[in-house]
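> how would this look folded up:
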Amino acid sequence: MHSAAISGLTFRDATDADVDALVVLIESAYRGDASRAGWTTEADILEGQRTDPEGVLAVIKSADSRLLTVERDGLVVACCQLEHRGDHAYFGMFAVSPTLQGEGLGKIVIAEAERQARAAWGISEMHMTVISVREDLIAWYERRGYRRTGQMSPFPYGDERFGIPQRADLQFELLVKKLG
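Numbering: from 1, shown residues only. Sure thing, here's the model as predicted:
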């Protein structure tokens, strides 16, 4: 872990003023050639957009949701969505700047997200969905204590707001972690 790359972080809730920077961050982490600088790219399985300003703003405005924004030196370097869903929280829209991936920032962000969800909502479990063919990403989450459930949900084929699939076998798997 490169402590210089992850020092001086500020965690805060996103505001309307962050929408454009967050869309750029999320797109850069998952889509297109820029995403290939990191290891979380979906460029080989999905083209098109990962999100849009309306989608990001909807998360910011939702009463049950927070878009945790991570800054270093005044720049947005990571984010994640936390949504209160009764007895658990949902973790999504997770993005780390591709040029900072592999340096431990993601581990810090997910740990802080879990801490904040427990503190804010008193929940004891975090849920997320991951595209089931993303074995490397699922393995990363398993190392953080998440477990595969085998519970699948369909990928929204035909809804280009979520991207343009490059293969026919995409689906989401529910991952769950008990929070201590």
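> Counting by contacts, list what the helix ranked longest in the chain packs against.
Taking DSSP state H as the criterion, the chain has its longest helix at helix 105-121. Packing partners of helix 105-121 (3 or more Cβ pairs under 8 Å, 6 or more residues apart in numbering; DSSP states H and E): helix 3-6, strand 9-13, strand 65-72, strand 75-85, strand 88-96, strand 125-131. For every residue, glycine as well, the C-beta is placed using N, CA and C.
> Specify the stretch among the ones you listed that is closest to Glu103.
The closest of these to Glu103 is helix 3-6. By Cβ to Cβ, the value is 4.2 Å.
> what comes into contact with stretch 105-113?
With Cβ atoms under 8 Å, 6 or more residues apart in numbering as the test, stretch 105-113 has contacts from 5-6, 9, 11, 68, 70, 77-78, 80, 82, 91, 94, 96-97, 126, 140, 144.
> gap between the residue nearest the centre of the chain and Gly55?
By Cα atoms, centre = their mean, the chain has its centre lying nearest to Phe94, at 1.3 Å. Separation of Phe94 from Gly55 (Cβ to Cβ, to the nearest Å) stands at 14 Å.
> same question, Glu173
21 Å.
> ditto for Val19
With Cβ to Cβ as the criterion, Val19 and Gly55 are 10 Å apart.
> With Val70 instead?
Plainly put, Val70 is 19 Å away from Gly55 if you go by Cβ to Cβ.
> Can you pick out the residue with more neighbours from these two?
In terms of neighbours (other Cβ atoms under 10 Å), Val70 is the more surrounded of Val70 and Gly55; the figures are 25 against 17.
> Am I right that that one is in contact with Ala78?
Yes: using Cβ atoms under 8 Å, Val70 is in contact with Ala78, at 3.9 Å.
> unless I'm mixing things up, Gly150 is touching Glu173, no?
Yes: assessed by Cβ under 8 Å, Gly150 is found in contact with Glu173 at 7.1 Å.
> Looking only at neighbour counts, state which of those two leads.
More crowded of Gly150 and Glu173, by other Cβ under 10 Å: Glu173, with 18 against 8.
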